[in-house]
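Novice: Fold the stuff below for me.
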Amino acid sequence: MRFVRAEFKGLHFRHRIVLQALQLYLTGLTLREVRDFLHSFKSHVTLWNCLQRYASKLYKFVKPLTPVKVFQLHVD
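Specialist: Residues are numbered from 1 along each chain as shown. Below is the predicted model of the structure:
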């Protein structure tokens with residue numbers, strides 16, 4: 001949770017709202033449906049800009065954490 005609070009510093013919306021919006025969008029809802037469901041964003045463009053800003057920060061955090069694939073074949 002520390003990553004979330006540190007990365008949301010300076011954003012207009014609360015971090016929980018943006019995380020809920022990101023989760024709903026990734027489950028298949030359209031931006032307009034997410035906007036109507038949360039009632040926190042005035043337009044779907046505002047929601048899109050907010051998600052893009054957070055997604056880029058999230059990608060920078062997650063990229064070094066991806067495991068390196070090691071292909072080893074163990075035969076008994």
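
Novice: now the protein, which segments are flagged as low pLDDT?
Specialist: Residue ranges of the chain with pLDDT under 70: 1-13, 66, 76.

Novice: Now do the helices in this protein.
Specialist: 2-7, 15-26, 31-38, 44-62 (DSSP state H).

Novice: any chance of those in a markdown table, with mean neighbour count too?
Specialist: Backbone N, C-alpha and C define where each C-beta goes, glycine included. Shown next, in a markdown table, are the helices of the chain (neighbours: other C-beta atoms under 10 Å):
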| stretch | mean neighbour count |
| --- | --- |
| helix 2-7 | 12 |
| helix 15-26 | 16 |
| helix 31-38 | 16 |
| helix 44-62 | 14 |
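
Novice: Pipe those into JSON lines and attach distance to Lys69 per row.
Specialist: Shown next, in JSON lines, are the helices of the chain (distance: least, C-beta to C-beta, whole Å):
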{"stretch": "helix 2-7", "distance to Lys69": "25"}
{"stretch": "helix 15-26", "distance to Lys69": "24"}
{"stretch": "helix 31-38", "distance to Lys69": "34"}
{"stretch": "helix 44-62", "distance to Lys69": "16"}
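
Novice: Of the ones you listed, which is nearest Phe71?
Specialist: Closest of those to Phe71 is helix 44-62, at 22.5 Å (criterion: C-beta to C-beta).

Novice: Perfect, that will be all.
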